[in-house]
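In: Could you work out the structure for the sequence below:
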Amino acid sequence: MSTEEPVVEEPVVGDESTAPPQKSNRGLKTAIVVLAALSLGLAILAGSLSASNSERGRVDDVQDAAAAMGSALLTYDYRNLDRTKTVVLRLATGTFRKQYAEAFEGGLDTVLTNTKAVSSVRDVEVFVGEISSNSASAMVVVDTVISGTAGENRRLTSYLQLELVHSGDKWLVDGVTNLNLSLPNTGGASPTTTTTPSVPTTTR
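Out: Below is the predicted model:
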């Protein structure tokens with residue numbers, strides 16, 4: 001009786017059919033490219049949104065400063081004029097600050113006192129013009145109710161052109177033009193009458 005030894009087949013060296021498949025790195029490279037493109041797009045979007053928010057913030061700051069000055073100029077009570085003067089000078093700078101102070105010293109407070117002038121603001125609307133890194137312009141429309149020796153509760157709409165400069169971390173008013181001076185007389189109360197003194201105007 002013969003004993004046969006089991007035949008063991010040796011693997012053929014170099015036979016690709018028996019080698020384990022190698023993973024391709026093509027998918028990994030594609031994913032990296034996609035992620036890089038996505039990151040770049042998000043960075044560009046973030047920069048655009050940041051610039052847009054910054055510009056919007058500057059417009060809002062100019063608008064707030066112009067509205068504050070328009071309201072301050074046309075809110076007064078002959079019984080407490082120092083408060084009006086203090087508020088306006090705090091919002092002003094340069095040429096207009098000097099001219100407003102001179103206006104009070106030149107008799108504006110006397111006119112307001114003699115006419116018992118009281119003015120309260122009902123509404124303020126601001127239209128912002130050009131803005132640069134350190135200057136801006138705006139038109140302010142202020143609706144007021146005025147009382148005094150000439151009558152009670154008279155309504156007036158004033159149009160002011162403001163020139164602002166950026167000082168420190170805020171906007172200040174450097175020039176004011178009273179646009180009512182160029183409007184035709186409609187027969188109503190005028191800011192140039194003695195009972196409604198005109199806003200000091202900057203001469204440039």
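
In: now Thr86: how far from Ala92?
Out: Distance, Thr86 to Ala92, by CB to CB, to the nearest Å: 11 Å. From N, CA and C alone the C-beta is placed, and that goes for glycine too.

In: In terms of neighbours, single out the busier of these two.
Out: Ala92 (25 against 10; other CB atoms under 10 Å).

In: Leaving aside the residues adjacent along the chain, what's closest to the more buried one?
Out: Excluding its sequence neighbours, the residue lying closest to Ala92 (CB to CB, 6 or more residues apart in numbering) is Val173, at 5.1 Å.

In: measure the one you found to Arg79 for me?
Out: Counting by CB to CB, the gap from Val173 to Arg79 is 25 Å.

In: who's more crowded, the two?
Out: Using other CB under 10 Å, the more surrounded residue of Val173 and Arg79 is Val173, with 30 against 10.

In: Tell me which stretches of this protein form strands.
Out: 76-77, 118-131, 135-148, 151-167, 170-178 (DSSP state E).

In: Looking at the ones you listed, which is nearest to Leu112?
Out: strand 76-77 (6.3 Å; CB to CB).

In: and the closest one, which strands flank it?
Out: strand 118-131 (antiparallel) (DSSP bridges).

In: list the buried ones in the strand it pairs with?
Out: Within strand 118-131, the residues that count as buried by 16 or more other CB atoms under 10 Å are 118-119, 121, 124, 126, 128, 131.

In: next one: stretch 86-97
Out: 87-89, 91-93, 95-97.

In: ditto for stretch 162-179
Out: Per 16+ other CB under 10 Å, stretch 162-179 contains these buried residues: 162-164, 166, 171-178.

In: Would you check which pair of those lies furthest apart?
Out: His166 and Asn178 (23.6 Å).

In: just the helices in the chain please.
Out: 26-73, 81-91, 94-103, 109-114 (DSSP state H).

In: Kindly provide the distance from Gly148 to Thr157.
Out: The value you get for Gly148 to Thr157, if CB to CB is used, is 17 Å.

In: Same check on Lys98?
Out: 28 Å.

In: And for Arg90?
Out: Applying CB to CB to Arg90 and Thr157 gives a distance of 25 Å.

In: pLDDT below threshold where in the protein?
Out: Where the chain drops to pLDDT under 70, the residues are 1-29, 31-54, 181-204.

In: Please name the bridge partners of the residue nearest to Ala92.
Out: Here Val173, judged by DSSP bridges, has bridge partners Ala92, Leu164.

In: what's near enough to touch it?
Out: Val173 makes contact with 65-66, 69, 91-93, 96, 162-164, according to CB atoms under 8 Å, 6 or more residues apart in numbering.

In: Nearest to Asp109, out of the strands of the chain?
Out: That would be strand 76-77 among the strands of the chain, by CB to CB, at 9.5 Å.

In: contact partners of that closest one?
Out: 83-84, 112, 117-119.

In: Verify the stated contact: Glu125 with Ser158.
Out: No. If you go by CB atoms under 8 Å, Glu125 and Ser158 don't touch, sitting 11.2 Å apart.

In: So for those two, which residues contact both of them?
Out: In contact with both Glu125 and Ser158: 141-142, using CB under 8 Å, 6+ apart.
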